[in-house]
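Novice: pasting a predicted model and its sequence here:
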Amino acid sequence: MSDFTDFARFVLALTEADVDFIIVDGVAGSLHGAARATYDLDIVYARAATNLARLVAALDGLQPYLRGAPKGLPFRWDVETLARGLNFTLTTSAGDIDLLGEIAGGGRYEDLIAHTIEVQAFGVTCRCVTLRTLIALKRAAGRPRDFDAIAELEVLLEEQERMELEQARNGTVSRPFPT
Amino acid sequence: MLPRDKEPDLPPDPVIEAYKKDIDRTLLRETLKQTPAQRLAKLQDFMRSVAGLRGAGRRRA
């Protein structure tokens, strides 16, 4: 539906609607400093009824539809549909988004929230998994196509820790983003 | 499941260790100098460029 994923539009829509969500996977990697491109936004969302309603409202104007599904299916973007499912891979007028009610190795929103940090992006504050947690999640997914991405994230972690040590030795300011 | 309020241990994985030799550390050191907002803005710009190139390719075909 869209030539590219408009991360800003998604993040702003979700935060403006007050959705409880956590950024995971590729965009989380980018926030931490990974150089790898990613083509969709993956979020873990809270399954509370109020949050489902907020999520529906947030994406309502973007014509969400099941990604890769044949056209014309009677897919309805509403709270009932969200409540009946768990993980949704969607395409929208703002690009692709994966909504995860649960993630391998991390569980649900409530399990993951203790492993997140607040980040500023596109002028708003949102939550993203920590780098260590992101690596653990990708390891748990066990997909061979992720090996390269995991290696990059682990090198990133090594570099962050090296910088931290150097800064501690020099007494300089800390990094703009914690692990 | 991750232990609550505790960052996960990441014991070395020999397969991942083998992949690490191909990672460009210089590039990562550069991205670490940026703020998260700058990193995401850069990713968004890249996505927009890719979409532009794809569109140009489609128009030529």
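Specialist: It's in. Numbering: from 1, shown residues only, chains lettered A, B, ... in the order given.
Novice: any idea how far residue A:43 is from chain B?
Specialist: Residue A:43 sits 14 Å away from chain B when distances are taken as C-beta to the nearest C-beta, to the nearest Å. In this view, the C-beta of every residue, glycine as well, is placed from N, C-alpha and C.
Novice: what's the answer for residue A:31, then?
Specialist: 5 Å.
Novice: tell me, how many residues neighbour that residue?
Specialist: Here the neighbour count serves as a burial measure; for residue A:31 (other C-beta atoms under 10 Å in any protein chain shown) it reads 25.
Novice: what sits against it?
Specialist: When contacts are counted by C-beta atoms under 8 Å, 6 or more residues apart in numbering or on different chains, residue A:31 is found next to A:23, A:119, A:121, A:128, A:177, B:36, B:39, B:40.
Novice: hmm, 10 Å instead?
Specialist: Neighbouring residues of residue A:31 by C-beta atoms under 10 Å, 6 or more residues apart in numbering or on different chains: A:23, A:117, A:119-121, A:126, A:128-129, A:131, A:134, A:177, B:35-37, B:39-40, B:43.
Novice: tabulate the CA atom coordinates of stretch A:120-131 in CSV.
Specialist: What follows is the C-alpha trace of stretch A:120-131 in CSV, where atoms were taken according to Å, rounded to 0.1, in the frame of the first residue of the first chain:
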residue,chain,number,x,y,z
GLN,A,120,13.2,10.2,22.0
ALA,A,121,12.3,9.8,18.4
PHE,A,122,10.4,12.1,16.0
GLY,A,123,9.8,14.5,18.8
VAL,A,124,8.0,12.1,21.1
THR,A,125,9.0,9.7,23.8
CYS,A,126,8.5,6.0,23.3
ARG,A,127,9.8,2.7,24.8
CYS,A,128,12.3,0.4,23.1
VAL,A,129,13.8,-2.9,24.4
THR,A,130,17.3,-2.7,25.8
LEU,A,131,20.1,-3.8,23.5
